[in-house]
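Trainee: The following block contains a protein sequence and its predicted model.
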Amino acid sequence: MSIDLGSLSEATSGAVGALVSTTVLYPLDTCKAKFQAELRAHGQPRYRNLSDVLLEAISTGQVFSLYQGLGTKNLQSFIAQFVYFYGYSHFKRLYLERTGYKSIGTKANLILAAAAGACTAIATQPLDTASSRMQTSAFGKSKGLWRTLTEGSWSDAFDGLGISLLLTSNPAIQYTVFDQLKQRMLTSKRANNDVGSSAVALSALSAFVLGALSKSVATVLTYPAIRCKVMIQAADANDEVDKKVKVDSKAKPKSRKTISTVLCSIWRKEGIPGFFKGLQAQILKTVLSSALLLMIKEKISATTWILLLAMRRLLMLNQARLKNA
């Protein structure tokens with residue numbers, strides 16, 4: 001069985017890019033998650049804006065707690081991006097081989113991207129749930145990965161899987177918007193410069209701006225689902241309540257958070273604006289993360305390819321020596 005080195009190179013470079021971007025932006029991600037997870041009641045909210053989370057960490061001497069769950073998040077990001085890029089690249093190769101086409105159309109590309117995203121969501125959901133619970137725990141009270149995963153039932157580890165599968169539409173929306181904006185910009189350039197289609201291409205700055213804009217549009221359209229997912233996976237607001245529940249045998253078990261109950265809670269306590277609480281932070285984090293990930297991926301992809309080819313050559317030489325021995 002031959003190894004698909006092209007897909008493996010894409011997966012490895014994408015996973016390394018995800019590892020770096022996740023680490024660099026993790027404090028912002030933690031502040032964003034805690035801000036999104038808070039459901040405001042009729043009283044004064046604990047966090048009025050994103051900076052309040054950072055100020056709380058500084059005032060309580062828990063700055064390093066902004067990194068709680070980083071190891072789990074890095075593991076989840078590495079596996080997720082590896083599975084996604086490998087699946088996406090492999091599905092494209094299979095599609096071209098089976099159909100005999102030289103290129104992939106927009107619709108087929110969206111379907112392949114959604115399929116890769118679904119595989120990624122299923123494979124990494126327990127780690128995603130655990131990292132969200134660790135991020136949204138009180139500063140300094142985050143539990144380890146194993147304890148977080150085993151404190152509930154096995155099905156609890158897959159909290160938010162339905163929304164994760166729904167959110168595979170996010171890159172599909174992003175790609176569609178990007179493609180439409182790209183075609184309009186190129187058409188405008190051709191008309192202004194009166195040149196053929198082969199002579200016009202997007203500049204690096206134009207590609208970055210269109211990528212950021214298309215990702216922002218996709219984030220706005222899917223944001224209510226994003227916030228619901230964070231709230232479903234978030235840790236309980238008061239750990240002391242959990243301790244009392246364990247002591248009191250007559251206490252009622254905690255009700256499981258579902259999409260419908262979270263949606264109703266947001267609507268009842270915060271109204272329509274509540275579905276978009278933390279949107280600015282989400283867009284900032286997502287755009288920076290995507291840009292950093294893709295930049296690193298492009299920088300190391302060639303090196304990764306060379307290393308994989310060298311490794312394969314060494315393996316083939318070793319196999320040849322063993323046969324001749």
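Mentor: Received the coordinates, thanks. Values in this document were obtained by computation on a predicted structure and should not be read as measured data.
Trainee: what's the residue most central in space within the chain in contact with, if anything?
Mentor: By Cα atoms, centre = their mean, the mean C-alpha position of the chain lies nearest to Ser77, the distance being 7.1 Å. Going by Cβ atoms under 8 Å, 6 or more residues apart in numbering, Ser77 touches Ala15, Ala18, Leu19, Ser21, Thr22. (C-beta placed from N, C-alpha, C; glycine too.)
Trainee: which is the next helix or strand following the helix or strand where the fourth one lies?
Mentor: Take DSSP states H and E as the rule and Ser21 turns out to sit in helix 5-24. Stepping forward along the backbone from helix 5-24, the first helix or strand reached (DSSP H and E) is helix 26-37.
Trainee: That next one: how far from the chain's middle?
Mentor: 14 Å (Cα atoms, centre = their mean, to the nearest Å).
Trainee: From the rest of the structure, what touches that helix?
Mentor: With Cβ under 8 Å, 6+ apart, helix 26-37 has contacts from 22, 47, 49-50, 52-54, 66-70, 73, 132, 135-136, 226-227, 230-231, 234-235, 277-278, 281-282, 284-285, 288.
Trainee: which of the residues you listed are buried?
Mentor: For these, a neighbour count by 16 or more other Cβ atoms under 10 Å gives the buried set as 22, 47, 50, 52-54, 66, 68-70, 73, 132, 135-136, 226-227, 230-231, 234-235, 277-278, 281-282, 284-285.
Trainee: on contacts alone, who are the packing partners of the lengthiest helix in the chain?
Mentor: Longest helix in the chain by number of residues (criterion: DSSP state H): helix 279-324. Helices and strands touching helix 279-324, by 3 or more Cβ pairs under 8 Å, 6 or more residues apart in numbering; DSSP states H and E, are helix 5-24, helix 26-37, helix 204-233.
Trainee: what is the orientation angle of it with helix 204-233?
Mentor: For helix 279-324 against helix 204-233, the angle by axes from the mean of the first three to the mean of the last three Cα atoms, to 10 degrees is 100 degrees.
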